[in-house]
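Colleague: Just need the structure, nothing else, for what follows:
(one chain, ligands or ions: 1)
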Amino acid sequence: MISRILIANRGEIAIRVMRACREMGIPSVAVYSEADQDALFVRHADEALPIGPAPASQSYLDIQKIIETAQECGADAIHPGYGFLAENPQFASACEAQGLNFIGPPGRVLSLVGDKVAARREMMKAGVPVVPGTSEIVADIGQARREAQSIGYPVIIKPSGGGGGIGMTIVSGEAELEEALRSTQAIATAAFGLGAVYIEKYLPNPRHIEFQILADAHGQVVYLPERECSIQRRHQKLIEESPSTALNPELRKKMGEVAARAAAWVGYRGAGTVEFLLSDSKFYFLEVNARIQVEHPVTEMVTGIDIVKEQIRIAAGLALSMKQNEIGINGCAIECRINAEDPLNDFVPSPGKIKAYQPPGGPGIRVDSGIAGGCVIPPFYDPMIAKLIAWGRERGEAIQRMRRALSEYAVTGIKSNIAFHLAVMGNQRFAAGELGTHFIDQESTLAGDIQVIAERIERLQERVSGLSDRKKKVAAIAVAAAIARMNLESQVSNLQS
Ligand code: MV4
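Modeller: Residues are numbered from 1 along each chain as shown. All right, here's what the predicted structure looks like:
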């Protein structure tokens, strides 16, 4: 079994894993870089050990150091969270070689699904629909011309070693192909150390639909209801929800069964996500994310399943705690990623010290946060500081709760994207569930709405800055309440107009 888990991550996901460990009665050990000495996740930990300097390459990405630390503290398992080493086959294999239980898929599976061309080929063999495109790496311009010609323009060139959108280039006609091939290969080499690229038919405004799967060591694979993650910006997901407004029960069952088949085909074990693009009611396999994902809470909220606990059960060799026919959908959940970034200045990261911090609560609200008042957000890592998840019996109730919770959320000292989320939650097209991956660019009123809301929040928060430190916390709550009131007023006027 598992007697002690080292958590090789930081921030909100480290805390999320600690919570699962505590409920299971398993002691956990946090590790932290010099930049994270005073971080909330360190304070939350049963035990915390330093692993090196602030740059991730010298701490959270240092395989040797993390494995040594696990051995020194008597951990027999490692949870990698997301990002950092979570999908690194060398790390998984190094753990396996050292007798440490890597809480994730086997290294062999990580290698396979990390190679996007190989994954496409396997999916074709498994009978999983893939976007029309190449089944081999495209090495030269002659091959690229032939492939693109037969696929039909527009096409998209993607790095095989990547995923998540980095380096992808859209090509509308043959005139652009040679330059696009060269630049994608260059970006792929720089970002992934591998210049290999492939070509797919470009779908103009697809929806991003993904299925959480769970696979145990006894051959059981289940799928959970889908998440829609179409609201993204520069390949960063910002809002995710479950279930998707684009699916009906028949399509859900069909896609879910395909996702489970895809996982079974590659010998998957653990929690994973099968991503699809949905376009004109047709769906296409995109990639497998072989980790716990940022957006897993929306699935937890509508199913009641604790996905992190299932990951740990699976790694311990236990059977899944549920069968496919026991998995249902209760209501609707939406997640907003709260980032330390400035929505009025091209979303540039806004690291620094949090002054007042008052997270929302109340019915249907879940906050997975890595921060508290007085915390410093280091500039070295991802700017996501918390996730706000709202549940409702139906989507309208979830949206209203999210608006209410965002209005209560007070964060001062740094810039946050709360105004962005309030703008989207008030958007007509969002309310109608008419989503697509280009939603943010297409909604021309969004930028102005963000401006108005952000300025309003800033004005209210200025009132806090004149107060003494001890009173600031209380003032922050008052400010949040004021924002909430103003927001309700505007909602009432929306209803009346
Ligand atoms: C695509 C696509 C259209 N057609 N693939 C994949 C990862 C995700 N983060 C972006 N991805 C896309 N893959 C095909 N065949 C559209 C996207 C996509 C996108 C691509 C390039 C630039 C911006 C984009 C924004 C959203 C989705």
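Colleague: Leaving out chain neighbours, which residue sits closest to Arg117?
Modeller: One thing to correct before we go on: residue 117 is Val, not Arg. Leaving aside its chain neighbours, Val117 sits nearest to Ser160 (4.4 Å; criterion: Cβ to Cβ, 6 or more residues apart in numbering). Heads up, the C-betas are built off the backbone N, CA and C, glycines and all.
Colleague: How many residues are close by that neighbour?
Modeller: 23 (other Cβ atoms under 10 Å).
Colleague: Isn't it up against Gly195?
Modeller: No. At 9.0 Å, Ser160 and Gly195 do not qualify as touching, with contact defined as Cβ atoms under 8 Å.
Colleague: count of neighbours near the residue in the stretch 301-450 of the chain positioned nearest to the ligand?
Modeller: The minimum distance from the stretch 301-450 of the chain to the ligand, using Cβ to the nearest ligand atom, falls at Thr437 (3.5 Å). Around Thr437 there are 21 other residues, counting by other Cβ under 10 Å.
Colleague: gap between it and Val128?
Modeller: Between Thr437 and Val128 the computed distance is 21 Å (Cβ to Cβ, to the nearest Å).
Colleague: In contact with the one residue in the stretch 51-200 of the chain that gets nearest to the ligand: list those residues for me.
Modeller: Residue nearest to the ligand within the stretch 51-200 of the chain: Gly165 (3.2 Å; Cβ to the nearest ligand atom). Contacts for Gly165 (Cβ atoms under 8 Å, 6 or more residues apart in numbering) come out as 234-235.
Colleague: for it, phi and psi?
Modeller: phi 100, psi -20 (degrees, to the nearest 10).
Colleague: and what of Gly162?
Modeller: phi -100, psi -110.
Colleague: What about it, how many residues nearby?
Modeller: By other Cβ under 10 Å, the residues close to Gly162 number 21.
Colleague: Give me the local confidence score for the residue lying closest to it once chain neighbours are set aside.
Modeller: Nearest non-adjacent residue to Gly162, counting by Cβ to Cβ, 6+ apart: Phe192, 5.4 Å away. If you check Phe192, the pLDDT there is 89.
Colleague: quick one: contacts for Phe192?
Modeller: Shown in contact with Phe192 (Cβ under 8 Å, 6+ apart): 159, 161-162.
Colleague: Now with 10 Å, please.
Modeller: 114, 159-163, 166-167 (Cβ atoms under 10 Å, 6 or more residues apart in numbering).
Colleague: Which parts of the stretch 351-497 of the chain are helices?
Modeller: Per DSSP state H, counting those that start in this stretch, the stretch 351-497 of the chain carries helices over the ranges 395-408, 418-425, 428-431, 439-442, 446-465, 469-496.
Colleague: count of neighbours near the nearest residue to Leu85 once chain neighbours are set aside?
Modeller: Nearest residue to Leu85, sequence neighbours excluded (Cβ to Cβ, 6+ apart): Phe91, at 4.2 Å. As a burial measure, Phe91 scores 23 neighbours (other Cβ under 10 Å).
Colleague: Wasn't Phe91 part of a strand?
Modeller: No. Judged by DSSP: H, G, I helix; E, B strand; the rest coil, Phe91 forms no part of a strand; its state is helix.
Colleague: on that earlier part again, once you drop chain neighbours, what's closest to the residue of the stretch 301-450 of the chain closest to the ligand?
Modeller: In space, and not counting its chain neighbours, Thr437 is closest to Ser230: 5.3 Å by Cβ to Cβ, 6+ apart.
Colleague: partners of the helix or strand where the one you found lies, with directions?
Modeller: Assigned by DSSP states H and E, Ser230 belongs to strand 227-233. Strand 227-233 has the following strand partners under DSSP bridges: strand 207-215 (antiparallel), strand 236-242 (antiparallel).
Colleague: closest one to the ligand among those strands?
Modeller: Of the strands paired with strand 227-233, nearest to the ligand by Cβ to the nearest ligand atom is strand 207-215, at 6.8 Å.
Colleague: which residues touch the residue nearest to Gln220 when sequence neighbours are not counted?
Modeller: Nearest residue to Gln220, sequence neighbours excluded (Cβ to Cβ, 6+ apart): Leu320, at 5.4 Å. Leu320 is in contact with 214-218, 220-222, 305, 310, 313-314, 326, counting by Cβ under 10 Å, 6+ apart.
Colleague: The nearest residue to Ala419 once chain neighbours are set aside: neighbouring residues, count only.
Modeller: Nearest non-adjacent residue to Ala419, counting by Cβ to Cβ, 6+ apart: Ala454, 3.7 Å away. Using other Cβ under 10 Å, Ala454 is surrounded by 21 other residues.
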